[in-house]
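A.B. asks: output the structure for:
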Amino acid sequence: MQGVAELAVVGGGAAGLACAVTACRAGLDVVVLERTDRCGNKLAVTGGGKGNFTHVESPRAMAGRFDCDTRLIMPLLRKFPYQSIIQFFSSIGIEARSDDEGCVWPKGENAAGVRDALLRAIATAGGKVRTGCRVTGLKPGWRIQVGDDVLVARNVCLATGGASYPRTGSTGDGLALCRSLDLKTVEWFPALASLRTKDDLSGLAGVTQPRVEMTLLVAGSEPRTAAGHFIFAHAHVSGSSVLNLCGYAARGLAERRQVVLRVNWVPDRSASDLSAEFASGRAAHPKKQLGTFLGTFVARRLAVRLCAMAGVPSDRILTELSRAEQESIIRQLASTEFAIIGTEPMERATVTGGGVSLDEVDLKTMQARRFAGLYFAGEVLDVWAETGGYNLHFAWATGMAVAEAIASGKS
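C.D. replies: Residues are numbered from 1 along each chain as shown. Modelled structure (predicted):
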């Protein structure tokens with residue numbers, strides 16, 4: 001590797017590729033260093049391979065989706081709202097479509113198509129992409145160790161990703177590079193992943209509830225709420241509602257605090273609504289069993305489990321229910337509690353929390369506060385967001401911010 005690059009992007013994932021496209025178009029000499037044999041491996045499987053790449057939401061609303069002080073991230077989101085991300089992709093041949101929930105997808109393309117369009121844009125703009133290049137050292141100057149070679153660059157953007165899906169190249173290498181520079185970092189943890197419960201729920205594996213509301217209770221912290229679908233797996237509970245609370249649970253567990261998940265299976269019904277429906281049920285079907293009746297609210301297997309948790313036999317006839325038993329069942333429908341003892345393994349998390357502390361970074365330019373010419377983009381930073389395209393939005397926005405900051409300072 002000869003010569004001096006104006007910008008070396010370490011990591012060919014979403015953030016790194018967006019940075020490279022923007023920088024190349026601004027006239028910078030750019031080289032992307034990707035450790036695997038192909039860029040964008042994780043990007044290509046995003047959204048089940050369909051590529052949900054941003055969300056139709058105002059900067060203020062979007063800021064609330066992130067696990068950080070909204071005041072820190074608002075300037076970035078105001079500068080790069082979802083409209084600018086859609087425009088950026090349109091400029092490289094990817095048109096957008098949004099669904100009823102506000103998720104934005106590539107029209108007529110998939111996630112791999114988004115990756116390929118980014119790579120074509122880099123090539124068209126004269127950028128270089130080098131695969132099979134694992135960076136093992138980084139020294140001010142900026143001297144980048146790649147195997148036995150050293151690449152010198154005026155600026156470096158670390159876009160090495162997190163530590164989830166290691167088979168795609170996200171192995172957490174970025175933290176080692178940052179620690180070698182004595183930068184403050186936060187250890188990786190699963191931010192979007194399924195949760196493990198204390199009780200064995202394997203008998204409910206495969207049961208899905210389309211919409212629940214839940215509250216995560218971590219001892220010593222404010223409760224966190226989420227809504228969405230809920231899935232029972234063999235060893236975990238999952239679904240969008242669970243994933244969006246995982247990071248907070250993981251942090252609490254790491255600090256050895258008690259973590260409880262409280263689920264409302266019937267968020268559209270109040271306790272008085274349920275009491276009225278029990279009364280109607282008794283009048284219309286006096287011989288109906290409790291488990292069968294509850295099957296109108298939740299899946300049959302879950303109904304039986306809720307009866308057991310309430311201490312009421314599922315074969316109890318409705319007209320034989322005592323007032324106390326009915327109240328116990330209604331409480332279970334509205335607030336079932338599961339003790340949480342762990343998460344899915346890190347390598348199966350959709351997104352990881354942890355990374356370079358935001359204290360080390362100027363979030364307007366994404367430059368390190370203590371090292372001129374060193375920038376950060378994407379999941380390597382200690383920021384994560386809910387599902388729905390927000391994490392990719394952050395990747396694009398930070399990558400573009402890096403490129404624009406470097407280009408604006410070019411003499």
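A.B. asks: any idea how far residue 97 lies from residue 36?
C.D. replies: Separation of residue 97 from residue 36 (CB to CB, to the nearest Å) stands at 30 Å. Just so you know, the C-beta spots here come from the backbone N, C-alpha and C atoms, and that holds for glycine as well.
A.B. asks: looking at the two, which is more packed in?
C.D. replies: More neighbours surround residue 36 than the other of residue 97 and residue 36, with 19 against 11 (other CB atoms under 10 Å).
A.B. asks: can I assume that one sits in a strand?
C.D. replies: No - counting by DSSP: H, G, I helix; E, B strand; the rest coil, residue 36 is not found in a strand; it is coil.
A.B. asks: residue contacts, it?
C.D. replies: Contact analysis of residue 36 by CB atoms under 8 Å, 6 or more residues apart in numbering lists 12, 131-132, 168-169.
A.B. asks: what is the nearest of those residues to residue 305?
C.D. replies: residue 168 (36.6 Å; CB to CB).
A.B. asks: pretty sure the closest one contacts residue 45?
C.D. replies: Yes - with contact defined as CB atoms under 8 Å, residue 168 reaches residue 45; the gap is 7.1 Å.
A.B. asks: walk me through the domains of the protein.
C.D. replies: 4-190+348-408, 194-343 (automatic domain parsing).
A.B. asks: quick one: the helices in this protein?
C.D. replies: 14-25, 59-63, 70-79, 82-91, 111-124, 173-180, 240-254, 271-284, 290-294, 300-310, 323-335, 390-408 (DSSP state H).
A.B. asks: got the buried residues for the second one?
C.D. replies: By that I understand helix 59-63. For helix 59-63, a neighbour-count test (16 or more other CB atoms under 10 Å) marks 59, 62-63 as buried.
A.B. asks: quick check, nearest of those residues to residue 229?
C.D. replies: residue 62 (21.6 Å).
A.B. asks: what's the nearest residue to the closest one if we skip its chain neighbours?
C.D. replies: Leaving aside its sequence neighbours, residue 62 sits nearest to residue 77 (CB to CB, 6 or more residues apart in numbering; 5.5 Å).
A.B. asks: next, the contact list for that neighbour, please.
C.D. replies: 59, 62-63, 397.
A.B. asks: redo that, cut-off 10 Å
C.D. replies: 57-63, 65-66, 70, 390, 393-394, 397 (CB atoms under 10 Å, 6 or more residues apart in numbering).
A.B. asks: same deal with residue 369?
C.D. replies: Counting by CB under 10 Å, 6+ apart, residue 369 touches 183, 359-362.
A.B. asks: try 6 Å this time
C.D. replies: 360, 362 (CB atoms under 6 Å, 6 or more residues apart in numbering).
A.B. asks: ok, residue 311 next?
C.D. replies: Residue 311 neighbours (CB under 6 Å, 6+ apart): none.
A.B. asks: so how far is residue 86 from the residue nearest to residue 62?
C.D. replies: 14 Å.
A.B. asks: quick revisit: of all the contacts of residue 36, which comes closest to residue 336?
C.D. replies: residue 168 (35.6 Å).
A.B. asks: run a quick neighbour tally on that closest one.
C.D. replies: Neighbour number of residue 168 under other CB under 10 Å is 17.
A.B. asks: residue 272 too?
C.D. replies: Using other CB under 10 Å: residue 272 sits among 9 other residues.
A.B. asks: now do the contacts for it.
C.D. replies: No contacts exist for residue 272 under CB under 6 Å, 6+ apart.
A.B. asks: let me see the confidence value for it.
C.D. replies: pLDDT recorded at residue 272 is 94.
A.B. asks: got it, and residue 5?
C.D. replies: 88.
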